[in-house]
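J.: coordinates only, sequence not included:
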């Protein structure tokens with residue numbers, strides 16, 4: 001992620017990716033457990049689940065971690081496949097902007 005001035009060694013990014021992937025798996029299992037055990041019989045019960053604050057917090061954390069992971073994936077793709085420093089910078093900037101927009105818009109949908 002050249003635009004964030006992250007060094008190109010990759011050790012910290014590798015560790016972050018493993019931790020983020022573990023967190024994504026745990027949050028996904030949490031969602032599966034909630035939907036498997038919560039009785040969703042009609043629209044009112046589904047709305048009650050989706051409007052619970054604890055569910056919104058878990059969904060927001062999941063969305064933020066996914067967005068950070070997608071920024072890191074963009075940095076890795078750019079480092080491996082995108083040649084040219086200016087094109088690499090544009091690709092990384094685009095990945096960051098799209099990831100931040102998805103996180104912001106998704107959290108807006110979750111909370112409002």
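T.: That came through fine. Small disclaimer: the values here were computed from a predicted structure and weren't measured.

J.: Which residue lies nearest the spatial centre of this protein?
T.: By Cα atoms, centre = their mean, the chain has its centre lying nearest to residue 66, at 1.3 Å.

J.: Let me know the helix or strand that that residue is in.
T.: helix 53-81 (DSSP states H and E).

J.: Quick check: what element follows that helix along the chain?
T.: Going down the chain from helix 53-81, the next helix or strand is helix 85-111, by DSSP H and E.

J.: Which other helices and strands does the helix holding residue 66 contact?
T.: For helix 53-81, the helices and strands in contact under the criterion 3 or more Cβ pairs under 8 Å, 6 or more residues apart in numbering; DSSP states H and E are helix 11-37, helix 85-111. Where you see a C-beta, it was placed from the backbone N, CA and C, and this is true even at glycine.

J.: pLDDT score for residue 92?
T.: Looking at residue 92, its pLDDT stands at 91.

J.: Please apply the same query to residue 56.
T.: 94.

J.: surely it meets residue 110?
T.: Yes. If you go by Cβ atoms under 8 Å, residue 56 and residue 110 touch, sitting 5.3 Å apart.

J.: still on that earlier bit, state the pLDDT value of the residue nearest to the centre of the chain.
T.: Listed pLDDT for residue 66 reads 91.

J.: So the closest residue to residue 73 other than its chain neighbours versus residue 32, what's the distance?
T.: Excluding its sequence neighbours, the residue lying closest to residue 73 (Cβ to Cβ, 6 or more residues apart in numbering) is residue 95, at 7.7 Å. For residue 95, the distance to residue 32 (Cβ to Cβ, to the nearest Å) stands at 28 Å.
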